[in-house]
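S.K.: What follows is a predicted protein model with its sequence.
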Amino acid sequence: MIGISVIRQSIKMALQNIKANKMRSFLTMLGIVIGVAAVIALMTIVQMVSESVMGQMSGLGAGTLTIATMQSPMKEGLSEKDIKTLDEIEGVDGVSPTLSFTSTSVYNGEVYDKTDVQGKTDLYFKHNEDIMGGGRGLNEMDMSGDVYVCVVDPQYVKTVLLGKQVIGNKILIGGYEYTIVGVRKTDESISSYMSDNSTHHGTVIIPYKNALSMSGKGFVDNAEVYIEEGHSVNDVEKALRQGLRNIYNGSEDFFYIINMESLMTMMASVQGMMGTLLGGIASISLVVGGIGIMNMMLTTVTERTKEIGLRKALGAEPFRIQAQFLIESVVLSVCGGIIGIILGLLIALIAAKLLQTDFSLSMTAILLGFGFSGGVGVIFGWMPAKRASELNPIDALRAD
Amino acid sequence: MENSEIILSMKNIVKEYEMGEEVFRALDDVSLEVRRGEFLAVLGPSGSGKSTLMNIIGCLDTPTSGEYILNGELVADLDERQLAHIRNKEIGFIFQSFHLLQRQTAQENVELALIYANQDGRKMHQRSAELLTKVGLEDKIKSLPNQLSGGQQQRVAIARAIANNPTILLADEPTGALDQKTGAQVMQLFHELNEEGRTIIMITHDSKIASHAGRIVKILDGRISEGEIGDA
């Protein structure tokens, strides 16, 4: 048994020694501080970013397949008939076409010529209930073709409405007066990522039929396909691919299907890899920190040879001497670890601000920080502590 | 005294050190008996082997050959852990240079010996305060060694040495670092401890200090002889 009083005394003495050699202890801990801070910051940032990307992606619809088409010489996009064909595929719960183009909107006499206009059906809003930040989405009654209501995104509120009353306000699109009935929670992510935000005025979602007649095109280039419950996304994707190939005369060159689920699985594995890789790189600095600890502990043992001799003369068994120095090295590196955890989380917090994502405290990272620093203390303190325990008390007492 | 039990018995102790090719014999066939309650001085010049003898008595070292029985226990072929236990229980060391930990208070220094005897906290504090009171330092319990005079520091060391009620107090030139007056005070304390029945073995080169002891053995070139003070 090492005994509680020995442990308490060892911790107290370790803190005394750290205090007595402030500069040396600080420089020694710095390695661990930097190592732990790097591990924590990188892991937290990777987790934050991927959580936010995943969040946006699942906002785009899990259990949903998205079809995007390109213009081909034969066909400009999907026709009403094509969409009906796709809707009849086994496992498809509904197809919501999206028609998007850049148009001009007018508010309060001002002209905004870079407005993204999207035509969507009520199906889209039914399947994406959580996209709304306020007001309501478009419903079945808005789809008749002569109802002029719309949903805008926060970007539009910011650049056009300038924060004024949103719901119930009226804007002009394509010569018709539209009443705003709802606001999205977030910007229409894909288009806001693709276009330059500084010149883009925001997105307005209008009923699909209105958009169809406004664009004058008889086809759409985008559609969301909803999966019926009990059907596997991947099976439906296969059937859909076959259906689209039939529409495109056997060619797969002019369309692609985005499967959010498989994309998210891929993202998750990429996140895992990133985390491991960055964590691995950061742990190199922990090893360097550990070498610093070992160096300081070796110096300490040499400096305190006499003390070790005395303790042995007073009846300290070798393993108690070893335990004492091991505790000192663990205290030293865990102190560094605590500072590192705080620093790492601060860095992550600043990064979250800069990347405009939500900061989330990762318990795993904190525990890992403690674990790493404690582990480094034990591993790199072992040899110096062992050396101290093996000193010959006679020589040790005589040392100057 | 003649009738009290023998608590230390050395028979034909030899200690040899290898120095390169040669073998140096530090102790040559030393036999010694000490009875409970004795105050013994081992007198000898430097290089006479008295430090080696002290290390063996104090279980810091083991002899090359010979038999050493301390308080009924045969101290031979014991491993480091067992030797540590014996040092903690049976030996109270008093050194020439005190050997106090500079960053620890007087009380904490005394408690070092108690910690390794696995005493628990409250009992330990009580005992260490008692011990410091006994050596006349009741008002210096929280003082650091550098706030104490040499004589006071040696008293702290003595309090530490008697903390576990050891079989033997083993003092190595206890007054070597003190002036005459404080040295005399420390010797006075030794007498008091001896009168309480404690066994003291004091190693010294100073025949005047040795004269405080009840019995003197002289050591020269690794051999010992019972002797009078005069012929040191």
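M.R.: On my side now, so go ahead.

S.K.: Next up, the contacts around the closest residue to chain B within chain A.
M.R.: Taking C-beta to the nearest C-beta, chain B has its nearest neighbour within chain A at residue A:315, 2.3 Å off. Every residue, glycine included, has its C-beta placed from N, CA and C. Residue A:315 makes contact with B:84, B:85, B:86, B:87, B:88, B:89, B:113, B:116, B:117, B:164, according to C-beta atoms under 8 Å, 6 or more residues apart in numbering or on different chains.

S.K.: Between these, which sits nearest chain A?
M.R.: Taking these together and measuring to chain A by C-beta to the nearest C-beta, the closest member is residue B:88, at 2.3 Å.

S.K.: what pLDDT does the residue nearest to the closest one when sequence neighbours are not counted get?
M.R.: In this structure, residue B:88 finds its nearest non-sequential neighbour in residue A:315, 2.3 Å apart by C-beta to C-beta, 6 or more residues apart in numbering or on different chains. At residue A:315, the pLDDT value in this model is 92.

S.K.: how about the residue nearest the centre of chain B, what does it touch?
M.R.: For chain B, the residue nearest the mean C-alpha position is residue B:170 (1.1 Å; C-alpha atoms, centre = their mean). For residue B:170, the contact set (C-beta under 8 Å, 6+ apart) comprises B:54, B:57, B:58, B:91, B:92, B:93, B:94, B:201, B:203.

S.K.: Can you say which of the residues you listed are buried?
M.R.: B:54, B:57, B:58, B:91, B:92, B:93, B:94, B:201, B:203 (16 or more other C-beta atoms under 10 Å in any protein chain shown).

S.K.: which one of these sits closest to residue B:129?
M.R.: For these, the closest approach to residue B:129 (C-beta to C-beta) belongs to residue B:92, at 18.2 Å.

S.K.: Next one: the closest one from residue B:23, what distance?
M.R.: Residue B:92 sits 33 Å away from residue B:23 when distances are taken as C-beta to C-beta, to the nearest Å.

S.K.: ok, back up a step: near chain A, list only the ones from the buried ones among the contacts of residue B:170.
M.R.: B:58, B:91, B:93 (C-beta under 8 Å from any C-beta of the partner chain).

S.K.: and which of these is nearest to residue A:363?
M.R.: Closest to residue A:363, out of all of those and judged by C-beta to C-beta, is residue B:93, at 50.5 Å.

S.K.: Could you list the low-pLDDT ranges of chain B?
M.R.: B:1-3, B:227-232 (pLDDT under 70).

S.K.: Quick check: what element follows the top helix by length along it along the chain?
M.R.: Longest helix of chain B, by residue count under DSSP state H: helix B:180-195. As assigned by DSSP states H and E, the chain's next helix or strand after helix B:180-195 is strand B:199-204.

S.K.: show me where pLDDT drops low in the stretch 301-400 of chain A?
M.R.: Using pLDDT under 70, the stretch 301-400 of chain A drops low at A:400.

S.K.: what about the helices in it?
M.R.: A:305-313, A:318-355, A:363-389, A:393-398 (DSSP state H, counting those that start in this stretch).

S.K.: Need the residues that contact the shortest one.
M.R.: Here helix A:393-398 makes contact (C-beta under 8 Å, 6+ apart) with A:305, A:306, A:308, A:309, A:310, A:312, A:313, B:55, B:60, B:61, B:95, B:99.

S.K.: Identify the residue nearest the fifth one in space, chain neighbours excluded?
M.R.: Read it as residue A:310. Nearest residue to residue A:310, sequence neighbours excluded (C-beta to C-beta, 6+ apart): residue B:99, at 4.7 Å.

S.K.: picking that back up, the contacts of residue A:315 into TSV, with extra columns for neighbour count?
M.R.: Formatted as TSV, the contacts of residue A:315 follow (neighbours: other C-beta atoms under 10 Å in any protein chain shown):
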residue	neighbour count
B:84	25
B:85	16
B:86	19
B:87	26
B:88	24
B:89	17
B:113	29
B:116	25
B:117	17
B:164	21
